[in-house]
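Asks: Okay, here's the prediction I keep looking at, along with the sequence it came from:
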Amino acid sequence: MCPSRLSVDSLTRVEGEGGIEIDLDEQRRPLDVRINIFEPPRFFEGIVRGRRCEEIADLVARICGLCPVTYQLGTLMALERILGVTASRQVRLLRKVFILSQYLGSHGVHVFFLALPDYLGYHNIFELAGEHRDLVNRGLRLKKIGNDIASLLGAREIHPVTAVIGGFTKLPPRRLLDDLIVQLRGRQDDALAALEQIAALRRPAWAGGRIYGALYHPEEYAVDEGVWRTSSGLSLSADEFTDHVEEYQVPYSNALRCRLAGGAYYMVGPLARVSLNFEQLAPETLRAASRLNLSFPDYNPFDSIVARLLEIMHAIEMSIKYLEAVPVSGESLSYDIKAGAAASLVEAPRGTLYHRFRIDDRGLVQEARIIPPTTQNLSRIEQDLREMAPQISCLPDEELARACEVAVRNYDPCISCATHCLVTTRS
């Protein structure tokens, strides 16, 4: 038997354009694994250069249609550090709800419409919906409440526009927040029922470990505050992040990759967050996990679907708590433009998102750097395929290709996010 190449020309049920190539030897052992990202890059770092700092949060939000809020708020948090702006408690609480709305929306799409057909043996959501309509309807309701939150706080469901340096251009009245709390309470049963159903699904086993990375805060399940720590022992501020995380380019991809200093690949996202911060999940979410005998840390990447359901349940529970605590009083904020540079870290649905900006004394952006979660996960995804391939190499090519595609889709990669920047090198 001669060496062969297994190809998935175009990944399905992921955001963006990419494929898989695996070179196999005569015994069908993997010689090389490549996630080919052929989507054209979008040069957002270049687009914002020379723009006024007040403009760029709305521009950066266009990197992603599924989690624009985290791109927007990550930008604002970095700029606020430069300008010496401290957001009020009210703004901080509303921002947390804003971010959690993206967990509901993005996780809802992935769990119920992209990943679930894989676990129930269907080729697509249309086949699944014919026999599991109740489960699909739960997914639609959970995604909708995320959209409703984004619309209320941001004036639009997608690419919201109200978040600005220091706060919001307009705050919703108390009665609308109270209405939203009622709606969120109405979705708690949906989240619990979906968790119970999906946690009971059979998922592929996985032997082996991995390094996780996520924000950590001693007082809460971190989404926008704290330090970034890894299961290998790192604990980093936003300013220290790129001292220990290296971006690099491979010749077959329009997306950069990441590795820790020393060369180790790592994983960010819901499974990393839940594994590192499990005990800080909301109380009812923790109780549900205990009843279902879910334990973390969990090193099986196929359990990411369960971690996403836990975060959906947590997002509803904590959004209610944060909204009940918001006073909603009018605020006015002034600040002076000054030169400087600063970074921020925020937990997007798919994992840690890094921003760094440098502005001059006119408030114009001189440098910008953004590292999306998928950029950080790509090398770890390839490593997963290398580790998995020997266990499934006996499968026929079509089944082997499908198994590899499921493994990639399991990360919910956002390829368009990861191809916003391309570094070129001269030979």
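Replies: Structure's in. What do you need?
Asks: got the buried residues for the helix or strand encompassing G146?
Replies: Here G146 sits within helix 133-154, counting by DSSP states H and E. Using 16 or more other CB atoms under 10 Å as the test for burial, helix 133-154 gives 135-136, 138-139, 141-150, 152-154. The C-beta positions use only the backbone N, C-alpha and C, and glycine is treated the same way.
Asks: Show me what it is packed against.
Replies: Where contact means 3 or more CB pairs under 8 Å, 6 or more residues apart in numbering; DSSP states H and E, helix 133-154 is packed against helix 89-102, helix 108-109, helix 125-131, helix 174-199, helix 304-325.
Asks: what angle sits between it and helix 304-325?
Replies: Following axes from the mean of the first three to the mean of the last three CA atoms, to 10 degrees, one obtains 40 degrees for the angle between helix 133-154 and helix 304-325.
Asks: Could you look up the next helix or strand downstream of helix 133-154?
Replies: Using DSSP H and E, the helix or strand that follows helix 133-154 in sequence is strand 163-164.
Asks: Residues contacting that next one, please?
Replies: Residues from elsewhere that reach strand 163-164 (CB atoms under 8 Å, 6 or more residues apart in numbering): 54, 57, 69, 72-73, 76, 95, 98, 153-154.
Asks: How far off centre is stretch 214-221?
Replies: Offset of stretch 214-221 from its chain centre (CA atoms, centre = their mean, to the nearest Å): 16 Å.
Asks: Start the count at 8 instead of 1 going forward.
Replies: I'll keep to 8 as the first residue from here, and by that count the last item is stretch 221-228.
Asks: in it, what's buried?
Replies: 221-223, 227-228.
Asks: Okay, and which of those residues map to strands?
Replies: 221-223 (DSSP state E).
Asks: which one of the contacts of strand 170-171 is nearest T169?
Replies: Nearest to T169, judged by CB to CB, of these is G161 at 5.1 Å.
Asks: Report the separation between E46 and Q383.
Replies: E46 sits at a distance of 17 Å from Q383 (criterion: CB to CB, to the nearest Å).
Asks: Give me the mean pLDDT for the helix holding G153.
Replies: Throughout helix 140-161, pLDDT has a mean value of 96.
Asks: If I take that helix and helix 96-109, what angle do their directions form?
Replies: Going by the same axes, to 10 degrees, helix 140-161 makes 150 degrees with helix 96-109.
Asks: Please state the offset of helix 140-161 from the chain centre?
Replies: 17 Å.
Asks: do you know how far L288 is from R88?
Replies: 28 Å.
Asks: do the same with G137
Replies: Using CB to CB, G137 is found at 51 Å from R88.
Asks: okay, those two: which has more neighbours?
Replies: R88 (18 against 10; other CB atoms under 10 Å).
Asks: Once you drop chain neighbours, what's closest to that one?
Replies: Closest residue to R88 apart from its sequence neighbours, by CB to CB, 6 or more residues apart in numbering: A349 at 3.6 Å.
Asks: The one you found contacts V92, correct?
Replies: No. Using CB atoms under 8 Å as the test, A349 is too far from V92 to be in contact (11.0 Å).
Asks: So for the two, which residues contact both of them?
Replies: The contact lists of A349 and V92 share L86, where a contact means CB under 8 Å, 6+ apart.
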